[in-house]
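**Student:** what shape does this take:
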Amino acid sequence: MEPAAGWIKDAVSNVQRAMARMNSREPKVLVIGLDGATFDVIEPWVEAGRLPNIGRLMAEGVWGPLQSTIHPLTPTAWTTFATGCSPGKHGVYDFALFRPGSYEPILTDASCSRVPSVFQLLSEAGRRVVAYNVPWTYPPEPVNGVMISGFGAPKFDERLAYPTAAFEDLQARVDRVSFEIPPRDDRGVIVEAVEAQIEQVGEMARFLIKSERPDLACVVFMATDQVGHVAWVKRQATRANGSTIADVLLHTYELVDAQVGRLLETVGDDSTVMLMSDHGFGNRRGVVDLVSALHQAGLVAYRRAGPVASVRVRRHGRAGGVLGMLEAGLKAVLPKGLRGRIRKSMTPTIDFERTKAWVWGRYPKLRLNVRGREAHGVVEPGAELDALREATCECLLSVTDPADGKPVIEQVWRGEEVYPSAPEGDAPDLVAATRGFGYISRDVVTAGTRAFLTEEAREAVGWRHEQGGIHRMNGIFVARGPGIRSGERLEGAGLADVAPTILHLLRQPVPRSMDGQVLGGALVGDAARAVLFTDAAPEPQPRCTAELTDSDLEQVTERLHDLGYVD
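**Tutor:** Down below sits the predicted model:
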């Protein structure tokens, strides 16, 4: 019966798609995501005439900074965009969560969110949607339209797409080799891969808009983020033919701007167009070793002996001398999977039966080992836990950057302050912000391993990605359309505000459970009408239901490692 049921389901999906192609309506809302885009570079380039299409949207509509999530991380931010809810409510705090009742980390994906997405809400209301290349939408939802998952999906196969038949359309237009940008090599950013990726994302987005005629179309260009990480500081790159690109980040934005222009032609002037990013970008000051600080303060204990690095901040560049040669040699001869296993074997593992606090994520969050909550909790709730919080905060705030002697950690919050909607025991206990969000941290738990990679071990096996740029809180928001004000700057917008604004523009009720607000200051005319709310409680969402094979996990982890998100 199952094969027959599957055949019927695909047949129904194909009929729905054929009917959609007969629909001559233009999409009413087009959202173009530029992952990691920031006005810090966009504004001067627009003024110089280098980004005419983005400049046109800014001149004809409203624009301003879009506050990201704490922390400004891909899975957290894009899930907030899609749901209109804060991380405490949707539950995706980082690239990894902890398996309940254990210290085992599991990679997050869209199935880890506790609340429905705007794509699901619109589909249930009978509106047609297209979501293409949106990060952290894997596994794809059964939408009324097409969803093809973006960054965070394990493999380039039919599991990316709903309905699965849409993967055939993708294969016809997207080369797997250029679906993602490989790490930079000796020539710098691989320019040809960047150009191919941007062109193919734009081509597929235009095809889906024309063929599906959705009420909401959402497409995300990842190159602005991926190139930003590796070329924020070192902008020059060389093509395979030997010609030089003086500023490959500008080149990337110009290519994306051209695709924005073609998308504007595809949807026409009657559609509302939103240009947004999940976070901003800025210079990376260094990598701070908070794990060693906790270890020296007696809060982290190791089970297996190993070299322990001193508290330090690492700058750009790799190890020289023998370590540098060993790093280069291992990279040249070892496959990715074996390098990963070597990394694990060279790290001292955490003894959670004696550890009181540990770092969770490259943008530091901390979990406290509370008795009765954790599998091997050692800290009693009450006075002992309060004292541990104070000691941990004091330890974090004492870490300084030797370059200027100033503290690395700018602020530490209790988890309930940052994530007030989180169920008890779900969120991090402490959340730290580095100075200007200019540092990333090593953590003791990164995807697939309970380990801390020492400085010596890291340099020996090769840190294959050097981030020159890292995320900031200042994303971008630009909107233009029939119901949007013209030529005005918009202040105070947050990432969670985008989903309720989309629903409002499409005349759909906004769930009161959403944390975001309709951006009324951007609206005029009929769009400025009173917001219609609904108290209907969304159906509870199962947590982390996607089944990933060992091969899937290895591919996702290596991809995150290439971008510097995990060790």
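
**Student:** for Gln226, what are its contacts?
**Tutor:** Neighbouring residues of Gln226 by C-beta atoms under 8 Å, 6 or more residues apart in numbering: 35, 180-181, 194, 563. In short, each C-beta sits where N, CA and C put it, glycine included.

**Student:** pull the most distant pair out of those.
**Tutor:** Between any two of the contacts of Gln226, the greatest separation by C-beta to C-beta is 14.1 Å, found for Val194 and Leu563.

**Student:** more neighbours, these two?
**Tutor:** Taking neighbours as other C-beta atoms under 10 Å, Val194 and Leu563 compare with Val194 leading, 26 against 20.

**Student:** who's in contact with that one?
**Tutor:** Contact analysis of Val194 by C-beta under 8 Å, 6+ apart lists 181, 223, 226-227, 248, 251-252, 255.

**Student:** grab the nearest non-local neighbour of the residue most central in space within the chain.
**Tutor:** Nearest to the mean C-alpha position of the chain, by C-alpha atoms, centre = their mean, lies Thr74 at 1.0 Å. Distance criterion C-beta to C-beta, 6 or more residues apart in numbering; nearest residue to Thr74, sequence neighbours excluded, is Pro135 at 5.3 Å.

**Student:** would you confirm that that neighbour contacts Val219?
**Tutor:** No - counting by C-beta atoms under 8 Å, Pro135 stays clear of Val219, with 11.7 Å between them.

**Student:** how much space between the closest residue to Met204 other than its chain neighbours and Gly150?
**Tutor:** The spatially closest residue to Met204, leaving aside those adjacent along the chain, is Arg173, at 4.9 Å (C-beta to C-beta, 6+ apart). Using C-beta to C-beta, to the nearest Å, one gets 15 Å for the distance from Arg173 to Gly150.

**Student:** more neighbours: which of the two?
**Tutor:** Between Arg173 and Gly150, Gly150 has the larger neighbour count (other C-beta under 10 Å), namely 26 against 16.

**Student:** okay, now the unreliable bits of this protein?
**Tutor:** 1-27, 183-184, 304-348, 443-466, 537-567 (pLDDT under 70).

**Student:** domain map for it?
**Tutor:** What the record gives for the chain is the domain set 29-283+471-554, 286-466, from automatic domain parsing.

**Student:** run the chain-centre distance for the longest one.
**Tutor:** Translated: domain 29-283+471-554. How far domain 29-283+471-554 lies from its chain's middle: 9 Å, per C-alpha atoms, centre = their mean, to the nearest Å.

**Student:** quick one, what contacts the residue nearest to Thr74?
**Tutor:** Neighbours of Pro135 in contact, by C-beta under 8 Å, 6+ apart: 35, 74-75, 78, 150-152, 220, 222, 278.

**Student:** against Leu122, how distant is it?
**Tutor:** Distance of Pro135 to Leu122, given as C-beta to C-beta: 19 Å.

**Student:** same question, Leu366
**Tutor:** To Leu122, Leu366 is 38 Å away according to C-beta to C-beta.

**Student:** state the distance from Val378 to Val359.
**Tutor:** Per C-beta to C-beta, Val378 is found 17 Å from Val359.

**Student:** tell me which of those two has more neighbours.
**Tutor:** Taking other C-beta under 10 Å, Val378 and Val359 do not tie; Val359 has more neighbours (27 against 17).

**Student:** in the stretch 151-300 of the chain, which spans are helices?
**Tutor:** With DSSP state H, counting those that start in this stretch as the criterion, the stretch 151-300 of the chain has helices at 166-173, 191-212, 223-231, 248-267, 290-296.

**Student:** most packed of the ones you listed?
**Tutor:** Of these, the one with the most neighbours on average (mean count of other C-beta atoms under 10 Å) is helix 223-231, at a mean of 26.

**Student:** check contacts around the closest residue to Lys210 other than its chain neighbours.
**Tutor:** Leaving aside its sequence neighbours, Lys210 sits nearest to Thr266 (C-beta to C-beta, 6+ apart; 6.7 Å). Shown in contact with Thr266 (C-beta under 8 Å, 6+ apart): 206, 209-210.

**Student:** closest one to Ala427 among the helices of the stretch 151-300 of the chain?
**Tutor:** helix 290-296 (18.5 Å).

**Student:** and that closest one, how far out from the chain middle?
**Tutor:** Relative to its parent chain, helix 290-296 has a centroid offset of 27 Å by C-alpha atoms, centre = their mean.

**Student:** what does stretch 355-369 give?
**Tutor:** Centre to centre, stretch against its chain (C-alpha atoms, centre = their mean), the figure for stretch 355-369 is 20 Å.

**Student:** list the buried residues in that stretch.
**Tutor:** Under the neighbour-count criterion of 16 or more other C-beta atoms under 10 Å, stretch 355-369 has 355-369 buried.

**Student:** distance of Glu424 relative to Val379?
**Tutor:** Distance of Glu424 to Val379, given as C-beta to C-beta: 16 Å.

**Student:** so these two - more neighbours on which side?
**Tutor:** Neighbour comparison, Glu424 and Val379: the larger count goes to Val379, with 22 against 7 (by other C-beta under 10 Å).

**Student:** residues contacting that one?
**Tutor:** Taking C-beta under 8 Å, 6+ apart, we find Val379 in contact with 356, 368-371, 385, 388.

**Student:** hang on, the earlier thing: can I get the helices of the stretch 151-300 of the chain in a markdown table with distance to Leu519?
**Tutor:** Formatted as a markdown table, the helices of the stretch 151-300 of the chain follow (distance: least, C-beta to C-beta, whole Å):
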| stretch | distance to Leu519 |
| --- | --- |
| helix 166-173 | 31 |
| helix 191-212 | 23 |
| helix 223-231 | 22 |
| helix 248-267 | 20 |
| helix 290-296 | 37 |
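
**Student:** between those, which gets nearest to Gly492?
**Tutor:** Minimum separation from Gly492 across these (C-beta to C-beta) falls at helix 223-231, 23.6 Å.

**Student:** the inter-axis angle of that closest one versus helix 191-212?
**Tutor:** 170 degrees (axes from the mean of the first three to the mean of the last three C-alpha atoms, to 10 degrees).

**Student:** just send the contacts of Thr266 back as JSON lines, with distance to Cys112 too.
**Tutor:** Formatted as JSON lines, the contacts of Thr266 follow (distance: C-beta to C-beta, whole Å):
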{"residue": "Arg206", "distance to Cys112": "31"}
{"residue": "Ile209", "distance to Cys112": "29"}
{"residue": "Lys210", "distance to Cys112": "33"}
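
**Student:** so which of those residues comes closest to Tyr103?
**Tutor:** Closest approach to Tyr103 among the contacts of Thr266 (C-beta to C-beta): Ile209, at 45.1 Å.

**Student:** from Thr164, how far out is the closest one?
**Tutor:** According to C-beta to C-beta, Ile209 stands 20 Å off from Thr164.
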